[in-house]
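Enquirer: I would like the atomic coordinates for the input below:
(2 chains)
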There are 2 protein chains.
Amino acid sequence: MEKVSTNRSHGGEQGVYRHRSTETGTEMTFSVFVPDHAPGTKLPVLWYLSGLTCTHANATEKGEYRAACAEHGIIFLAPDTSPRGADVPDAEGWDFGQGAGFYVDATQAPWAANFRMRSYIESELPELIAAEFPIDSERQGITGHSMGGHGALTISLRNPGRFRSTSAFAPIVSPLACSWGEKALGGYLGPDRAAWREYDACALIENGARLPDLLVDQGGADGFLEEQLKTDLLRAACDRAGQTATIRMQAGYDHSYYFISTFMAEHVAWHAERLTG
Amino acid sequence: MEKVSTNRSHGGEQGVYRHRSTETGTEMTFSVFVPDHAPGTKLPVLWYLSGLTCTHANATEKGEYRAACAEHGIIFLAPDTSPRGADVPDAEGWDFGQGAGFYVDATQAPWAANFRMRSYIESELPELIAAEFPIDSERQGITGHSMGGHGALTISLRNPGRFRSTSAFAPIVSPLACSWGEKALGGYLGPDRAAWREYDACALIENGARLPDLLVDQGGADGFLEEQLKTDLLRAACDRAGQTATIRMQAGYDHSYYFISTFMAEHVAWHAERLTG
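Expert: Here you go, the predicted structure:
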């Protein structure tokens, strides 16, 4: 693991690191904020999965999480959203291919060799960060934005007990029910829609997966709400399944980091209640 | 004045605007955050002047001021750092010319026609924003970073009574005493160093200018501290002149927005004490 940069910030260290991934076959970059802590102690970690087109840098620069994470003593981890590079397959458009890994393990050519973001996030990166940072792996939370909200929900639902707390900002709640999802899952997984269901939060809940609880914030003025995000599908799935969830519509807010940063401190505090003490 | 964008954020509106400047002869862009407020009320304003290479966007995206400004009911204004455009003179390097206006009115060719950031910030922009936003012009504060810290200090010192509160992040405290300043003031104002003194915070204090008080934060691990920023010169000038000042060295922090964002909320609160109530 190579240190790209570290900067002191908000009473902690914001780092950016690069490593060779066996899952993706590429170099992968991620950022980690580690608040100051007593030597030898381990801290809870909050995973943050980013949305379409993003790298680790968007949240790192614009997420406004450091003050809250320092206050609550929580490590914040922001991975990239796909493998990248000249040798990695890509597609026209920003909603498929590099920058749009959708947190799946692709089964279709030419994507299957590199686009293994599910295994990268679920298996490879947890081992790496547990070895390299003062993380208490028994106290993990996960959140994310848009495609990363989809990632946070589906990864947590598929791995019961791993995350004590799960939240999302403007998540894609059902790739089966929107054009972003159809394009991505069709491309990475092929036409059999039954195979998509393990990458669909609503389908996972319908199939019986459960979380201790769930916090979702969605901007009411988000231009993607109606066609892609469809928050109401998640609300309905939770209602039908008896899944406890707080799903808030925030009037006037859009899909940008101006929205995410507004509610980030509340999300960190919500995770902290479940991860600390 | 043209609206470039508005985004709801932190219980207010983050706007970006563009207008034709008579001072610079160019289009100029700035950002304004206006917290929600009762109709008809006017709010204090905090000016934030940015550093070398920056536009309004750096602070707008990475400054982490909105939560504090919303809490205290303060408008936050971030102008650009110079005129820009294909028709505007420029120079090699990032420390002179476009993106490096140094908040002076240039007297030397080819800069004099456009590089009038002093008059733009002191005269033109205040009139524009007072007409367009719910600003109480009797309650203004000013801050800035690096070259913008120099701008904040010198503009406030030259205009006694205009700003109730003045602070700075890692300011260039004496352009007369550093290579950035020698290059910029020499280029914009010519070789007569006597003419530079009205653009040098230490010289202005030495000449008798005073502020009600002053807050400065400086990163102890800032790579520009020793050669360019020279905080000790400001401390000495304030000591000799009996100028009240809180000048804090923040161990481990560098020159980046990771530093600025860490102390932004404290600065906003410090200005709020002097601007509200």
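Enquirer: Can you spell out which helices and strands pack onto the helix or strand that contains A:Leu128?
Expert: A:Leu128 belongs to helix A:125-132 when elements are defined using DSSP states H and E. When contacts are defined as 3 or more C-beta pairs under 8 Å, 6 or more residues apart in numbering or on different chains; DSSP states H and E, helix A:125-132 sits against strand A:27-35, strand A:75-79, strand A:135-144. From N, CA and C alone the C-beta is placed, and that goes for glycine too.
Enquirer: got the buried residues for that helix?
Expert: By 16 or more other C-beta atoms under 10 Å in any protein chain shown, the buried positions in helix A:125-132 come out as A:Leu125, A:Pro126, A:Leu128, A:Ile129.
Enquirer: Mind checking the pLDDT average for that helix?
Expert: The average pLDDT within helix A:125-132 is 98.
Enquirer: quick revisit: can you add distance to A:His56 and give the buried residues of helix A:125-132 back as a markdown table?
Expert: Formatted as a markdown table, the buried residues of helix A:125-132 follow (distance: C-beta to C-beta, whole Å):
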| residue | distance to A:His56 |
| --- | --- |
| A:Leu125 | 12 |
| A:Pro126 | 16 |
| A:Leu128 | 14 |
| A:Ile129 | 13 |
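Enquirer: Return the member of the residues you listed nearest to chain B.
Expert: Distance to chain B across these (C-beta to the nearest C-beta) is lowest for A:Ile129, with 20.6 Å.
Enquirer: residue contacts, the closest one?
Expert: Neighbouring residues of A:Ile129 by C-beta atoms under 8 Å, 6 or more residues apart in numbering or on different chains: A:Val32, A:Val45, A:Leu77, A:Ile135.
Enquirer: how close does it sit to A:Arg8?
Expert: In this view, A:Ile129 and A:Arg8 are 20 Å apart by C-beta to C-beta, to the nearest Å.
Enquirer: can you check A:Lys42 too?
Expert: 21 Å.
Enquirer: same deal with A:Ser167?
Expert: A:Ser167 is 27 Å from A:Arg8, by C-beta to C-beta.
Enquirer: Check A:Phe259 too.
Expert: In terms of C-beta to C-beta, A:Phe259 sits 28 Å off from A:Arg8.
Enquirer: Skipping adjacent residues, who's closest to A:Ala59 in space?
Expert: A:Ala78 (4.7 Å; C-beta to C-beta, 6 or more residues apart in numbering or on different chains).
Enquirer: that older thread, for A:Lys42 and A:Arg8, work out which one has more neighbours and name it.
Expert: More crowded of A:Lys42 and A:Arg8, by other C-beta atoms under 10 Å in any protein chain shown: A:Arg8, with 21 against 15.
Enquirer: Confirm the more buried one sits in a helix?
Expert: No - using DSSP: H, G, I helix; E, B strand; the rest coil, the secondary structure at A:Arg8 is strand, not a helix.
Enquirer: A:Ser5: neighbouring residues, count only.
Expert: By the criterion of other C-beta under 10 Å, A:Ser5 has 12 neighbours.
Enquirer: Likewise for A:Glu206?
Expert: Other residues near A:Glu206 come to 15 when the count uses other C-beta under 10 Å.
Enquirer: Report the contact partners of it.
Expert: A:Glu206 sits next to A:Ala237, A:Arg240, A:Ala241 when contact means C-beta under 8 Å, 6+ apart.
Enquirer: Need the outlier residue of chain A, farthest from its centre.
Expert: Using C-alpha atoms, centre = their mean, the residue of chain A lying farthest from its centre is A:Pro39. It sits 28.9 Å away.
Enquirer: Next, give phi and psi for that residue.
Expert: The phi/psi pair for A:Pro39 (degrees, to the nearest 10) reads phi -60, psi 140.
Enquirer: what's the spacing between it and B:Gly181?
Expert: To B:Gly181, A:Pro39 is 43 Å away according to C-beta to C-beta.
Enquirer: Now mean neighbour count and mean pLDDT too, for the helices and strands packed on helix A:125-132, in a markdown table please.
Expert: Listed next are these as a markdown table, based on neighbours: other C-beta atoms under 10 Å in any protein chain shown; pLDDT from 0 to 100:
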| stretch | mean neighbour count | mean pLDDT |
| --- | --- | --- |
| strand A:27-35 | 21 | 98 |
| strand A:75-79 | 26 | 98 |
| strand A:135-144 | 22 | 98 |
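Enquirer: Can you redo those strands as JSON lines, where the extra columns are distance to A:Phe96?
Expert: Output for the helices and strands packed on helix A:125-132, formatted as JSON lines (distance: least, C-beta to C-beta, whole Å):
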{"stretch": "strand A:27-35", "distance to A:Phe96": "19"}
{"stretch": "strand A:75-79", "distance to A:Phe96": "19"}
{"stretch": "strand A:135-144", "distance to A:Phe96": "18"}
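Enquirer: Looking at the ones you listed, which is nearest to B:Arg162?
Expert: Proximity to B:Arg162, assessed across these by C-beta to C-beta, is greatest for strand A:27-35 (38.8 Å).
Enquirer: Paired strands for the closest one, with orientation please.
Expert: According to DSSP bridges, strand A:27-35 forms sheet pairs with strand A:12-20 (antiparallel), strand A:75-79 (antiparallel).
Enquirer: could you dump those strands to TSV with distance to B:Thr231?
Expert: As requested, the strands paired with strand A:27-35 are exported to TSV (distance: least, C-beta to C-beta, whole Å):
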stretch	distance to B:Thr231
strand A:12-20	23
strand A:75-79	31
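Enquirer: for those strands, which one sits closest to B:Leu157?
Expert: strand A:12-20 (34.2 Å).
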